[in-house]
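> Generate coordinates for the sequence data below:
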Amino acid sequence: MLYIAGDSTVCDQTDPAYAGWGQLLPPYFNLGLSVANYADSGESSASFLGSSKLWGAIKGAMKAGDYVLIQFGHNDKTISATDFKTNITAYVTQTKAKNAFPILVTPIARATFSGNTVTAQHQHTDSAGNLVDLPAIIRQVGVAENVPVIDLTAVTTEWLTQVGPNGWQAYHALGTDATHTNRAGAAVNAGFVRDAIVGLNITPLKSFLR
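Just a heads-up that it's a prediction; the model follows:
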């Protein structure tokens, strides 16, 4: 099994104008591996972790040898660096405790521009005035816990830079939503996830790809 934990940029959307990348990932895999997308709109690293219907359900079903893709950050706009690191680390350690394999994913970039430049992504200032860089924290946890990190923030920032301030609308919901993708955008992002599984040589998960 491949489980997915995440937010609205990842989840199976019911509105056809929207699509999350987790929704477009299953076709990349052959029979023999099933994808269970538990990502849900509005979830933060803390709310998903504390939900018995979301993370609780994944933990309850998870078996040795399964994989879990974990992407949070879009709804963690006010969290402290310490709390975010604690949450992301909890996903990793609890997955490892089941003898399953966590894969951390930095959040997709928003299509926000300053001129032709994509603005800084998923950073905010905490109550003490400290900069909280969520993708950097995810990368740090990956190194500390020796687990792979799919850096979607970096790759989607690069992609949006190429698409430009006048081209991103074709890939985003309603042509106006800078955060949420439509089916075309979700397909691009799912392709980035697939490419990273190969590029990072995540085995044996890689062997299930078509």
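
> contacts and neighbour counts: CA atoms only from here.
Fine.

> Which strand or helix spans the closest residue to Val155 other than its chain neighbours?
In this structure, Val155 finds its nearest non-sequential neighbour in Phe192, 7.6 Å apart by C-alpha to C-alpha, 6 or more residues apart in numbering. Per DSSP states H and E: Phe192 is located in helix 183-199.

> and that helix, average pLDDT?
Confidence for helix 183-199, expressed as mean pLDDT, is 98.

> One more: stretch 73-88?
Stretch 73-88 comes out at a mean pLDDT of 97.

> buried ones in that stretch?
Gly73, His74, Asn75, Asp76, Ile79, Ser80, Ala81, Phe84, Lys85, Asn87, Ile88 (16 or more other C-alpha atoms under 10 Å).

> ok, now how distant is the residue nearest in space to the middle of the chain from Val163?
Closest residue to the average C-alpha location of the chain: Gln71 at 2.8 Å, with C-alpha atoms, centre = their mean. Remark: distance between Gln71 and Val163 (C-alpha to C-alpha, to the nearest Å) = 23 Å.

> Give me the phi and psi for the residue in the chain sticking out farthest from the centre.
Relative to the C-alpha centroid of the chain, counting by C-alpha atoms, centre = their mean, Ala128 is the outermost residue, at 27.2 Å. The phi/psi pair for Ala128 (degrees, to the nearest 10) reads phi -90, psi 0.

> what's stretch 49-67 in contact with?
Defining contact as C-alpha atoms under 8 Å, 6 or more residues apart in numbering, one finds that stretch 49-67 is touched by 1-3, 5, 38-39, 48, 87, 91, 94-95, 98-103, 205.

> where does Thr86 sit relative to Leu49, distance-wise?
11 Å.

> do Lys206 as well
With C-alpha to C-alpha as the criterion, Lys206 and Leu49 are 27 Å apart.
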